[in-house]
Structure formats: structure tokens, C-alpha cells
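Asks: Okay, predicted coordinates and the sequence, questions at the end:
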Amino acid sequence: MSDEEEVDFTLVFYRDTRDGLLTSAADKQRKALKHLNYFLEGYCVQIGIGVVKAEDIPYHGISLKASEKEAFEFWDKLYGAFTTYLGSHARSGCNPKGQRISPNTADGYLSSTKAFFVNKFRIEPAIPVFQKTQ
């Protein structure tokens, strides 16, 4: 290297890609969370608690005093019921008069909400219902 050449020592900071989604993935996640929040309006009433948004559900579920087993049961029951909702009752745009969503859309929404919670709780022990084997 000659004396005239300059070396660029600019530091490059990389962000965590899990914190930012591409536009299409972000749109899918927004729609999926909209369906989950719509579902939670009825589900929370059904299990006798105040309505919560998906974004506000803590790692241990609704009860902060839950044991790990109770927390995992909460997530298992929640996702079982949400799967049934998407497969049998969900309508486009959460509009009761809209068309039913397709099985592929339901599957994509489940995957997107799973990714949302896996990312949200990434420093916590894995929640079994979100794992490939349970």
C-alpha cells in the first residue's frame, strides 16, 4: 500500500435481522396478529379474563404467577384454540361477512404468529408448542 492510499476503518454496525422484517413478511405478520387479536377478544372472555392484545401477553401467559408447566399449558391451549379459529372460523380482514380464509393462509398466519412469539421470547427457554417436537 502506498502512502497516498487511505484505509477506511469505518465501523459497521449490524442490526439483528429478527428485529426487522421485509415488507411482505411484515404485512403478513400484521395481518396474522390482527387475526390473533380478534380471536383473543372472544377467547379471553371464554376463559374468564380481561381482553389482552397478543403483543402484551407475557412469556408465562396471562398469569404472572404461573409455574413453567402452567405457562406451557396456557400456550398449548391458546394455540390449539387459535388453530381451530383460523381453520374453521376466520374470515378475510376479520370481517364477519368476509370470505373464509384459505387453509394456506391459515397456515401462514400460524407460522407468522409463532415467529412473532419465538422472536419476542428469544432469550427465554423455548415454549414447547412452538417447537418442531413436543
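Replies: Received, thanks.
Asks: What is the burial count for residue 91?
Replies: 14 (other Cβ atoms under 10 Å). Where C-beta positions appear, they are placed from N, C-alpha and C, glycine not excepted.
Asks: For this structure, give me the ranges with low pLDDT.
Replies: 1-22, 64, 133-134 (pLDDT under 70).
Asks: Tell me where it has helices.
Replies: With DSSP state H, the ranges of helices along the chain come out as 23-46, 68-88, 103-120.
Asks: Of all the residues in the longest one, which ones are buried?
Replies: Along helix 23-46, these residues count as buried under the neighbour rule (16 or more other Cβ atoms under 10 Å): 28-29, 31-33, 35-40, 43-44.
Asks: got a markdown table for these, with distance to residue 85 too?
Replies: Listed next are these as a markdown table, based on distance: Cβ to Cβ, whole Å:
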| residue | distance to residue 85 |
| --- | --- |
| 28 | 17 |
| 29 | 17 |
| 31 | 14 |
| 32 | 12 |
| 33 | 14 |
| 35 | 8 |
| 36 | 9 |
| 37 | 12 |
| 38 | 9 |
| 39 | 5 |
| 40 | 10 |
| 43 | 8 |
| 44 | 13 |
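Asks: Many thanks, I have nothing further to ask.
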